[in-house]
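> Generate coordinates for the sequence data below:
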Amino acid sequence: MSDGNDKTINFGDYAILDPFEYRFKRAPELYWKIVPVTSGHELQRSRFMMYNRVVEDAYGNRTEQPPTAIEIAHREIALLFGGTNILTADDKPVLPDKPSIRDIETLLEKMPSPMVSEIWIKIGELYPKWGPADPKVWMEAEKKE
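Purely as a prediction, here's the structure:
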């Protein structure tokens with residue numbers, strides 16, 4: 001599957017080919033690359049947003065629930081992952097060379113919430129249809145934690 005950055009096709013003025021390198025506010029030596037959104041990313045995101053998971057309560061009642069905000073954040077970040085220089089404690093890359101969506105989401109689950117929020121907010125700045133609906137509310141929620 002293509003990573004969405006096929007430089008062999010000339011899309012003229014529609015082409016945004018280079019990933020954006022985001023530097024974290026409290027650790028500018030660390031970066032997270034965000035690739036340009038393609039229609040393939042839009043399709044994967046749309047499918048995820050339409051998927052409802054089944055939740056069962058204590059009485060056995062089953063209902064469908066849409067994805068939560070943090071699930072959407074993790075998926076959008078994972079879909080647009082272009083690389084990072086974050087390392088493990090023993091100086092190895094935190095992700096394999098070609099990570100799966102699940103690999104990236106597993107890493108995001110281990111990251112501090114403010115780091116995840118910074119990435120998701122930046123995605124929303126770069127691509128207005130993506131990211132938190134109201135970044136100010138999202139940032140305020142992070143400050144309270």
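
> for this protein, where's the lowest mean pLDDT among helices and strands?
helix 135-144 (a mean of 69; mean pLDDT, DSSP states H and E).

> Tell me how many other residues surround residue 90.
Here the number of neighbours of residue 90 (other C-beta atoms under 10 Å) works out to 5. For every residue, glycine as well, the C-beta is placed using N, CA and C.

> all strands of the protein, in order?
Counting by DSSP state E, one finds strands in the chain at the ranges 20-23, 31-34, 53-56, 62-65, 81-84.

> Show me the contact partners of the longest helix anywhere in the chain.
Once the chain is assigned using DSSP state H, the helix that runs over the most residues is helix 113-126. Among residues not part of helix 113-126, those counted as contacts by C-beta atoms under 8 Å, 6 or more residues apart in numbering are 20, 22, 24-26, 32, 34, 70, 73-74, 76-77, 80, 108, 130-132, 135, 138-139, 142, 145.

> Just give me the residue right at the centre of this protein.
The chain has residue 77 as the residue nearest its centroid, 0.6 Å off, counting by C-alpha atoms, centre = their mean.

> Relative to residue 14, how far out is that residue?
Computed with C-beta to C-beta, to the nearest Å, the distance linking residue 77 and residue 14 is 24 Å.

> Hmm, residue 130 is touching residue 37, no?
Yes. Between residue 130 and residue 37 there is a contact at 6.6 Å, judged by C-beta atoms under 8 Å.

> Identify the contacts common to these two.
With the criterion set as C-beta under 8 Å, 6+ apart, the overlap between the contacts of residue 130 and residue 37 is residue 80.
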